[in-house]
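J.: here is my input; please provide its structure:
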Amino acid sequence: MPVAGGLYYEEHGPAGGEPLILSSGLGGSAGYWTPNLAALAEHHRVIVYDHRGTGRSERIVAGDLTLEAMAQDLIGLMDALAIRSATLIGHAIGGMIGLALALKHPGRLSRVVVINGWAKLDPHTARCFDTRLVLLRESPRAFVHGQPIFLFPAQWISEHHDQLQAEEEVHLAHFPGVEMVQRRIAAARRFDIARRLNEIAVPVLLIATGDDMLVPASCSEQMVEQIPGAKLARMTSGGHAVNVTRPDHFNLWLLDWLDAE
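T.: Numbering: from 1, shown residues only. Next comes the predicted model:
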């Protein structure tokens, strides 16, 4: 099992390809990107990893857990893999890790893609987190069972009911623990770079989905106005996890952007 600096990671695609690092959201799992790996790894060196405290990575997280600390973890992984610079594609928290990294170590990123992220917590997202914490404190099963409501559109959930039921058991088997999930939610809630967006000096693509149940599209719309040279892609449907619900469309569209930049 490949581990560097306490982080489990996987590499896909040609070793000499342009490095793309994929960073997942609250769940922190490399497996989140399964629908996208084949397409992205055809011509790129793709690295996926489990965030510290989740999955197959080191489960003990010392000190204060912040998105900035998660960004520093990523620097350690890049150093271990001899990656001087990479494009980071992140979902929600994963994309915000990229923004934190762009502020701290701009020379280590060539581009950042943020899928349904934010610079400062929106009141609606805060309300969703409040609800998820209630479920979490009831039981891990209640939390995992309710998770698709925040990630996917209603029709997609209905059509993939059996798949989601099976995945629920997998998620429970690898659940990082109530305390760790609470710490990760707290880190996401505290993240606030709203006043520093104009300092970001790497190309940024923001992707916002119109029917996202967790993060309003306005969060990305606000960021694109303040990050120099940033671009915004609006997707009308697909929910918070649009790369999972519409992978073919997402993969083709993202590759077109990567090749054009």
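
J.: hmm, who's touching stretch 2-19?
T.: If you take C-beta atoms under 8 Å, 6 or more residues apart in numbering as the criterion, stretch 2-19 is touched by 1, 30, 37, 40-52, 55-58, 73, 76-77, 79-81, 83, 85-87. Where C-beta positions appear, they are placed from N, C-alpha and C, glycine not excepted.

J.: contacting residues for R108?
T.: 75, 78, 84-86, 101.

J.: try it again with 6 Å
T.: By C-beta atoms under 6 Å, 6 or more residues apart in numbering, the contact set of R108 is S85.

J.: from V46, how far out is it?
T.: R108 sits 17 Å away from V46 when distances are taken as C-beta to C-beta, to the nearest Å.

J.: show me the strands in the stretch 151-261 of the chain, by range?
T.: For the stretch 151-261 of the chain, applying DSSP state E, counting those that start in this stretch gives strands covering 204-209, 231-235.

J.: ok, N251 touching A39?
T.: Yes. Contact status for N251 versus A39: in contact at 3.7 Å, counting by C-beta atoms under 6 Å.

J.: phi, psi of the nearest residue to I83 once chain neighbours are set aside?
T.: Here the nearest residue to I83 in space, its sequence neighbours aside, is P19; by C-beta to C-beta, 6 or more residues apart in numbering that works out to 5.1 Å. P19 adopts backbone torsions of phi -70, psi 130, taken as degrees, to the nearest 10.

J.: just confirm E10 is within a strand.
T.: Yes. E10 sits within a strand when classified using DSSP: H, G, I helix; E, B strand; the rest coil.

J.: now for M235: which residues touch it?
T.: Taking C-beta under 6 Å, 6+ apart as the criterion, M235 is in contact with 209, 242.
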